[in-house]
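K.L.:
just a sequence and a predicted model for now, questions to come.
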Amino acid sequence: MKFWLPFLVLFSAASFAQSRSAAGDETQQLLQALADAPGPSGFEEPVRKIMVERMKPLADKISYDGLGSVIAVQGASGPRIMVDAHMDELGGIIRRVTNDGYLTMQMLGGWLDQALVDQRWTIIGSKGPVRAITGIRDIHIVPQDERTRVYPREWIFLDVGAKNATEAAAMGLEPGDPVVPDAPFAVMNGTQNYLGKGWDDRVGCAVVLEAMKRLAHAPHPNQIFWVATVQEEIGVRGAHTSSNIVKPEIGIAIEGGVTRDAPKVGPEEAQELLGGGPAIFLYDSSALPNLKFVALLKQTAKEKSIPLQTDVIQGYGDDSAEMQKSNGGAPTVNLVVPVRYTHSHNGIMNRGDFDKMVDLLVAVLQKLDAKTVGNLRDFTPQ
């Protein structure tokens, strides 16, 4: 793809250069690298590069599905356990360039229209990253009855400073170029809360890498297929194709959650608290967890003194929906690291929640031997 080569050179050399928080430990630096990497659905290459570079020393083998999902394996015997996180983030692609140099955008993923206006974006063109903003009507000319209106996405345009289509083309821009939020990583004012774009699901990608690192030299009674999928935000597509290859007996999705500790969020809408520990979804619109698996996770969390939150969410889909339908049916769960303000330019996660998620995932994977997996898959009436 023409636009990735110059960008990857820039990305590798400068590491997106937004290093105001690079003084943190290796885990913080990993989270920053993943959060800052651009990777909307279908354009995940910079994220895939990070994942593969870090997976290679830890995996027995690495392969790919036909859409670009990464499949890294640890272990050669025992039950086939698929642990999944998706690489893509919300973004867009350029639809067209107007004669006067503005660009219109097709959104990728579940954006709210009110999250799109007056934001900074990065377009990845053939000559590298181009800064853009989504323009907004000037208050000095907006009629009174329009001032509280949410602008529909069809009205929104990208301004790159070009005078005409020729100048936009000279910047290396054309229809089909990917667009991502310009929202660099930062530590929130000396707290354990991290600001960044795309925690859904770069936080899951980081959990996968940290858990892989721990289990590379620790015993586990299974074959673990660590899968970094593509195109989750536009229909869990990579989870479908990679599950066809892995044929999991058990599936675990690692995701960014939805918190209730923000203004205007009701207790019936979400139940997680930032800083309250990892959570398990008891329901979402795409999947129901295996009940025995939920019990196993609760027991493991209790044994390890890990706080485990539960959540029931409407209007949420995740990769476990595809894993559970593969291989004749696979018991699955969706585990989440709580995140405030998902599907927007700026989300907030908590480092303690992240670390405890890694602890929980490693502990449960070490329990998933053939007998335990057989029990999870046994639906014989008692």
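P.N.:
Yes, it's here. Residues are numbered from 1 along each chain as shown.

K.L.:
can I get stretch 226-242 in CSV, CA atoms only?
P.N.:
Output of stretch 226-242 as CSV, limited to C-alpha atoms (Å, rounded to 0.1, in the frame of the first residue of the first chain):
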residue,chain,number,x,y,z
TRP,A,226,-2.6,-15.1,20.7
VAL,A,227,-4.6,-13.4,18.0
ALA,A,228,-4.5,-9.7,17.1
THR,A,229,-7.4,-9.2,14.8
VAL,A,230,-8.3,-6.6,12.2
GLN,A,231,-11.6,-4.9,11.3
GLU,A,232,-13.4,-5.5,14.5
GLU,A,233,-15.0,-2.0,14.5
ILE,A,234,-16.7,-2.6,11.2
GLY,A,235,-18.2,-6.1,11.8
VAL,A,236,-15.7,-8.3,13.8
ARG,A,237,-14.4,-9.5,10.5
GLY,A,238,-10.9,-10.5,11.5
ALA,A,239,-12.2,-12.6,14.4
HIS,A,240,-14.3,-14.6,12.0
THR,A,241,-11.5,-15.4,9.6
SER,A,242,-8.9,-16.1,12.3
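
K.L.:
now the strands for the stretch 1-150 of the chain?
P.N.:
61-64, 70-74, 80-86, 91-97, 103-108, 120-125, 128-134 (DSSP state E, counting those that start in this stretch).

K.L.:
how about low-confidence regions in this protein?
P.N.:
1-23 (pLDDT under 70).

K.L.:
longest helix of it, counting residues only.
P.N.:
Across the chain, the longest stretch assigned as helix under DSSP state H is helix 199-215.

K.L.:
past that helix, which element shows up next along the chain?
P.N.:
Note on helix 199-215: by DSSP states H and E, the next helix or strand toward the C-terminus is strand 223-229.

K.L.:
partner strands of that following strand and their direction?
P.N.:
Using DSSP bridges, strand 223-229 pairs in its sheet with strand 70-74 (antiparallel), strand 80-86 (parallel).

K.L.:
tell me, how many residues neighbour G172?
P.N.:
Neighbour count for G172, taken as other Cβ atoms under 10 Å: 18. No exception for glycine: its C-beta is placed from N, CA and C like everyone else's.

K.L.:
quick one, phi/psi of it?
P.N.:
phi 90, psi 20 (degrees, to the nearest 10).

K.L.:
so what's it up against?
P.N.:
G172 makes contacts with F3, G125, S126, K127, G128, V130, as judged by Cβ atoms under 8 Å, 6 or more residues apart in numbering.

K.L.:
does the second one touch V179 like I think?
P.N.:
No. Counting by Cβ atoms under 8 Å, G125 stays clear of V179, with 10.0 Å between them.

K.L.:
what is the neighbour count of the closest residue to F157 other than its chain neighbours?
P.N.:
Take F157 and drop its neighbours on the chain: the residue closest to it by Cβ to Cβ, 6 or more residues apart in numbering is Y102, 4.5 Å away. Counted with other Cβ under 10 Å, residues neighbouring Y102 total 18.

K.L.:
buried set for stretch 241-256?
P.N.:
The neighbour-count check on stretch 241-256 (16 or more other Cβ atoms under 10 Å) flags 241-243, 245-246, 248-256 as buried.

K.L.:
among the residues you listed, which ones are in strands?
P.N.:
Taking DSSP state E, the ones among those that sit in strands are I250, G251, I252, A253, I254, E255, G256.

K.L.:
got these as CSV, with distance to L173 columns?
P.N.:
CSV is the format used below for these (distance: Cβ to Cβ, whole Å):
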residue, distance to L173
I250, 45
G251, 40
I252, 40
A253, 35
I254, 35
E255, 33
G256, 30
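
K.L.:
nearest to P38, of the residues you listed?
P.N.:
Of all those, P38 sits closest to G256, with 17.4 Å by Cβ to Cβ.

K.L.:
who does that closest one form a beta bridge with?
P.N.:
G256 has the following beta-bridge partners by DSSP bridges: V337.

K.L.:
residue contacts, it?
P.N.:
Here G256 is in contact with W199, D200, D201, V203, G204, V336, V337, P338, V339, T342, G347, M349 (Cβ under 8 Å, 6+ apart).

K.L.:
make it 10 Å
P.N.:
85-86, 198-204, 318, 336-340, 342-343, 347, 349 (Cβ atoms under 10 Å, 6 or more residues apart in numbering).

K.L.:
show me where this structure has helices.
P.N.:
Going by DSSP H, the chain shows helices at 4-14, 26-36, 45-55, 165-170, 199-215, 237-246, 291-303, 320-323, 351-365, 370-376.

K.L.:
can you tell me which of those is packed in deepest?
P.N.:
Counting by mean count of other Cβ atoms under 10 Å, helix 320-323 has the highest mean neighbour count of the helices of the chain, with a mean of 28.

K.L.:
A330 and Q324, how far apart?
P.N.:
The spacing between A330 and Q324, counted by Cβ to Cβ, to the nearest Å, is 6 Å.

K.L.:
any idea how far Y151 is from the most centrally placed residue in the chain?
P.N.:
Geometric centre of the chain, nearest residue: D201, 1.4 Å, by Cα atoms, centre = their mean. Per Cβ to Cβ, D201 is found 28 Å from Y151.
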